[in-house]
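Colleague: missing the sequence, but the structure's below:
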């Protein structure tokens with residue numbers, strides 16, 4: 001895949017799976033090679049109700065999922081998968097944010 005194909009996702013809510021930094025969900029604001037920047041980004045620690053990240057992106061998650069609080073921006077290296085997430089699925093992630 002080329003950067004031009006991935007750049008079509010700029011401005012969209014996405015799930016990013018990285019080689020070593022786990023899974024993050026947020027709005028894609030920049031991409032260069034395997035480096036990406038997300039705004040309003042959450043780390044997904046654990047999810048239930050979906051077997052794959054593709055299912056998380058389309059169906060969302062259910063009770064028992066552990067999603068971290070949002071950070072304003074995060075830059076990730078070694079992004080190996082970027083999946084657009086629909087608004088309904090994103091809402092389920094926000095509903096399961098771990099709060100202190």
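Modeller: That came through, no problem. Quick caveat, the model's predicted, so the values are computed rather than measured.
Colleague: After the strand ranked longest in the chain, heading C-terminal, what element do we hit next?
Modeller: The strand that spans the most residues within the chain, counting by DSSP state E, is strand 35-46. Later in the chain than strand 35-46, the nearest helix or strand by DSSP states H and E is helix 53-59.
Colleague: Using neighbour counts, pick out the buried residues of the longest helix that the chain contains.
Modeller: Identified as the longest helix of the chain according to DSSP state H is helix 87-95. Neighbour-count burial for helix 87-95, counted by 16 or more other Cβ atoms under 10 Å, picks out 89, 90, 92, 93. For the C-beta atoms, the positions are set from N, CA and C on the backbone; glycine is no exception.
Colleague: same thing with stretch 58-71?
Modeller: In stretch 58-71, counting by 16+ other Cβ under 10 Å, buried: 59, 60, 61, 65, 67, 70.
Colleague: and which of these is nearest to residue 28?
Modeller: residue 70 (14.5 Å; Cβ to Cβ).
Colleague: What residues does that closest one make contact with?
Modeller: 26, 40, 41, 42, 97 (Cβ atoms under 8 Å, 6 or more residues apart in numbering).
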